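**Student:** Return a 3D structure for these sequence lines:
(one chain, ligands or ions: 1)
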Amino acid sequence: MPVRKIITLGNPILRQKAQPVSKITKSEQRLIDDLFETMEEYQGVGLAAPQIAVPKRIFVARWEDEAFAIINPVVEWRSKEMVKDMEGCLSMPGVQAKVNRHLKIRVRGLDRNGKLFILEPEGWLARIFQHEIDHLDGILIIDRSDELFWVKRELNKDGKEKTLFIPTTKSEITEAFQRRKGIVRI
Ligand code: ZN
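**Tutor:** Below you'll find the predicted structure:
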């Protein structure tokens, strides 16, 4: 199966704690391929299995030409230093949040062949990893921040595109996605 459907806020799978993978088989490897294909299709930099409705502890990420697929990730250490920056989420299109993350972390996990490895991502890669590992625990950016925005793109009078950040709240976002789910498309 190639590109999969990304589930959005309101789907209960996004709020579940994903299950550890006990055995890596062809099916987990296919899942990783699908996660990569889906992430590329939606131009994301990270995607966790629960986002395609598979509640397993697996995520993929791509940053500066490096690709990562991590099974059963465990954060072993977090830097005291934090950084705040804007994040989006493929499961919440149109929403961005200013999220405080650890500048650096140490992550232990298994690669797609079951080999144990340890990584110490820093900066944006550390941010992506923390965002995706949160997905495995049912945590979303709207839980981590109260600086939330709707992102709207508009055309100026001179035809140039501008981006608007409209402040919003967790309950407004939750309700908006609930309403969207209720729309019957025929
Ligand atoms: Zn996300």
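
**Student:** residues contacting Glu64?
**Tutor:** Leu125 (CB atoms under 8 Å, 6 or more residues apart in numbering). From N, CA and C alone the C-beta is placed, and that goes for glycine too.

**Student:** again, but for the one 10 residues further on
**Tutor:** Applying CB under 8 Å, 6+ apart to Val74 gives the contacts Val107, Arg108, Gly109.

**Student:** top of those residues by neighbour count?
**Tutor:** Gly109 (22 neighbours; other CB atoms under 10 Å).

**Student:** just the helices in the chain please.
**Tutor:** 26-41, 124-136, 141-144, 170-182 (DSSP state H).

**Student:** Comparing the ones you listed, which comes out most buried?
**Tutor:** helix 124-136 (a mean of 22; mean count of other CB atoms under 10 Å).

**Student:** Can I get that helix in PDB? Just the C-alpha atoms.
**Tutor:** Backbone C-alpha positions of helix 124-136 (Å, rounded to 0.1, in the frame of the first residue of the first chain) are rendered in PDB as follows:
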ATOM      1  CA  TRP A 124      15.100  21.200  14.500                       C
ATOM      2  CA  LEU A 125      15.800  17.400  14.300                       C
ATOM      3  CA  ALA A 126      15.400  17.200  18.100                       C
ATOM      4  CA  ARG A 127      12.100  19.200  17.800                       C
ATOM      5  CA  ILE A 128      10.800  16.800  15.100                       C
ATOM      6  CA  PHE A 129      11.700  13.700  17.200                       C
ATOM      7  CA  GLN A 130       9.900  15.200  20.300                       C
ATOM      8  CA  HIS A 131       6.900  16.000  18.200                       C
ATOM      9  CA  GLU A 132       6.700  12.500  16.700                       C
ATOM     10  CA  ILE A 133       7.400  10.700  20.000                       C
ATOM     11  CA  ASP A 134       4.500  12.800  21.500                       C
ATOM     12  CA  HIS A 135       2.200  11.300  18.800                       C
ATOM     13  CA  LEU A 136       3.100   7.800  20.100                       C
END
